[in-house]
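> missing the sequence, but the structure's below:
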């Protein structure tokens, strides 16, 4: 047997061993298995709420309040430092009700964690902050408060065992019998995600809602989604939608997918434009008029001739402005009293009485100023 045949036989003898070794090596490889999803996220996705998102805007997290426009009847959202004229609370926010006599705000507790507090305005002073009771069940930190006009339903952002990401949006209601809030409920998808989901606010008068999140955003930015607040909770029924269809809706991957035929969105865009125009533009002021006598009427401060007239007109205009504000405040207080919680009515009653007294004093002051200015001007005119 020559050397060539020996080599072939040796190679043939080795082949089965080599093939088996390769097979064995392949069989040792374990298939790659994706990590199991949190069952709470899976369940939440299947119950994704149907919401029409009419628009969105990406903005710096420090400036998102520029986009959240609310009608005066809803209240206002303000940064903590601006409201309390302080510094160092850049991540704290205040919700002030429409009457401007009750606020909800975030601040750090003794352990350095953000919590929600409330305070009432009595006269010109705010009461000592009181921490909201009932929000700490599964939630370690709370921020971004928003109270509905009923004075009972509270939305806020919280993080802890009950959140699926960083901050989640929760809602709860005030239990007047026990003087605390009920156990908060997670708002679910599409409002919550594995990212940070912050402010949730609804303007019931314009039927426009705002929702702030940092999902899919660069560090320091947030996306403000503007939506139509649903009147009833509707979900994407599993009989009509597959999980593949629901998933992008739960993540708000494309707001156009929520528009349907577009009619509802177009109507909402009109309301949104009106809301932005009203809040951005200054209301036209009533032309200034001051009747000096039967034939002389001033419509400009520079027209006053007497020394006393020039000195007193600014005081007069300021008092008149305060009177208008007092009248508006009284009107709101009386409307709000009818729907206020029983424990808030005593506070409102005191505010109404105080406002009525202030209105009467201002009206008397204006009448006195008018007389003094008119006398001074007529005397000056008669001397010429």
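Perfect, I can see it now. The structure displayed is predicted, hence computed values, not measured ones.
> hey, let's count contacts and neighbours off CA atoms from now on
Noted.
> run through the chain and note the low-pLDDT ranges.
Scanning the chain for pLDDT under 70 picks out 1-34, 279-287, 384.
> could you pick out the longest helix of it?
Among all segments of the chain classified by DSSP state H, the helix with the greatest residue count is helix 342-382.
> by contact count, what packs against that one?
Using 3 or more Cα pairs under 8 Å, 6 or more residues apart in numbering; DSSP states H and E, the elements in contact with helix 342-382 are helix 307-339.
> by how many degrees do the helix it packs on and helix 342-382 diverge?
Interaxial angle of helix 307-339 relative to helix 342-382 (axes from the mean of the first three to the mean of the last three Cα atoms, to 10 degrees): 160 degrees.
> quick one: helix 307-339 to chain centroid distance?
29 Å (Cα atoms, centre = their mean, to the nearest Å).
> buried ones in it?
Within helix 307-339, the residues that qualify as buried are 308-310, 313, 316, 319-320, 322-323, 326-327, 329-330, 332-333, 336-337, counting by 16 or more other Cα atoms under 10 Å.
> and residue 141, what does it touch?
Applying Cα atoms under 8 Å, 6 or more residues apart in numbering, we find residue 141 in contact with 113, 114, 115, 158, 159, 160.
> so what's the fifth one bridging to?
When assigned by DSSP bridges, residue 159 has beta-bridge partners residue 141.
> and what of the third one?
Applying DSSP bridges to residue 115 gives these bridge partners: residue 107.
> give me the number of residues near it?
When counting by other Cα atoms under 10 Å, one arrives at 22 neighbours for residue 115.
> and it, what does it touch?
If you count contacts by Cα under 8 Å, 6+ apart, then residue 115 has 106, 107, 108, 109, 131, 141, 142, 143 around it.
> of those residues, grab the buried ones for ChimeraX.
Listed next is the ChimeraX selection for buried residues among the contacts of residue 115, using 16+ other Cα under 10 Å:
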select :106,107,108,131,141,142,143
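> just curious, which of the contacts of residue 115 is nearest to residue 381?
Ranked by distance to residue 381 (Cα to Cα), those are led by residue 106 at 58.9 Å.
> which residues in the stretch 101-250 of the chain form helices?
If you assign secondary structure with DSSP state H, counting those that start in this stretch, the helices in the stretch 101-250 of the chain sit at 243-251.
> okay, strands next: where are they in it?
In the stretch 101-250 of the chain, strands defined by DSSP state E, counting those that start in this stretch lie at 102-108, 114-122, 125-126, 130-131, 141-147, 153-159, 168-175, 180-181, 185-186, 197-203, 208-213, 221-228, listed in chain order.
> so the fifth one versus strand 197-203, what angle?
Between the axes of strand 141-147 and strand 197-203, defined by the same axes, to 10 degrees, the angle is 10 degrees.
> cool, and the second one?
If you take the same axes, to 10 degrees, strand 114-122 sits at 30 degrees to strand 197-203.
> okay, buried residues for strand 114-122 please.
For strand 114-122, a neighbour-count test (16+ other Cα under 10 Å) marks 114, 115, 116, 117, 118, 119, 120, 121 as buried.
> am I right that residue 167 is in contact with residue 191?
No - with the criterion set as Cα atoms under 8 Å, residue 167 and residue 191 do not qualify as a contacting pair; they are 10.9 Å apart.
> so what sits against both of those two?
Residues touching both residue 167 and residue 191 comprise residue 197, with contact defined as Cα under 8 Å, 6+ apart.
> quick revisit: just the contacts of residue 141 now: which is nearest residue 95?
Ranking the contacts of residue 141 by separation from residue 95, with Cα to Cα as the measure, puts residue 115 on top at 13.8 Å.
> who's more crowded, residue 167 and residue 191?
Taking residue 167 and residue 191 together and counting by other Cα under 10 Å, residue 167 has the greater number of neighbours (27 against 23).
> measure the more buried one to residue 254 for me?
With the distance defined as Cα to Cα, to the nearest Å, residue 167 ends up 22 Å from residue 254.
> okay, now the domains of the chain?
Split into domains by automatic domain parsing, the chain comes to 39-280, 290-382.
> how about the nearest residue to the residue nearest the centre of the chain, chain neighbours excluded?
Among the residues of the chain, residue 201 comes closest to the average C-alpha position under Cα atoms, centre = their mean, at 3.7 Å. In this structure, residue 201 finds its nearest non-sequential neighbour in residue 210, 5.2 Å apart by Cα to Cα, 6 or more residues apart in numbering.
> now do the phi/psi pair for the closest residue to residue 151 other than its chain neighbours.
Nearest-residue entry for residue 151: residue 340, 6.7 Å, with adjacent residues in sequence omitted and distances by Cα to Cα, 6+ apart. Note on residue 340: backbone dihedrals following degrees, to the nearest 10 are phi -70, psi 160.
> and residue 93, by the same measure?
For residue 93, the backbone dihedrals (degrees, to the nearest 10) come out as phi -130, psi 160.
> check contacts around it.
Neighbouring residues of residue 93 by Cα under 8 Å, 6+ apart: 77, 78, 79, 80, 105, 106, 143, 144, 145.
> in ChimeraX, how would I select the buried members of those residues?
Per 16+ other Cα under 10 Å, the buried members of the contacts of residue 93 correspond to this ChimeraX selection:
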select :77,79,80,105,106,143,144,145
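> ok, so of the contacts of residue 93, who is nearest residue 347?
residue 105 (19.2 Å).
> let me see the contact set for the closest one.
Contacts of residue 105 were listed using Cα under 8 Å, 6+ apart, and they are 80, 92, 93, 94, 95, 116, 117, 118, 143, 144, 145.
> need these in a markdown table with distance to residue 195, can you?
Formatted as a markdown table, the contacts of residue 105 follow (distance: Cα to Cα, whole Å):
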| residue | distance to residue 195 |
| --- | --- |
| 80 | 24 |
| 92 | 19 |
| 93 | 20 |
| 94 | 23 |
| 95 | 24 |
| 116 | 21 |
| 117 | 25 |
| 118 | 28 |
| 143 | 15 |
| 144 | 16 |
| 145 | 19 |
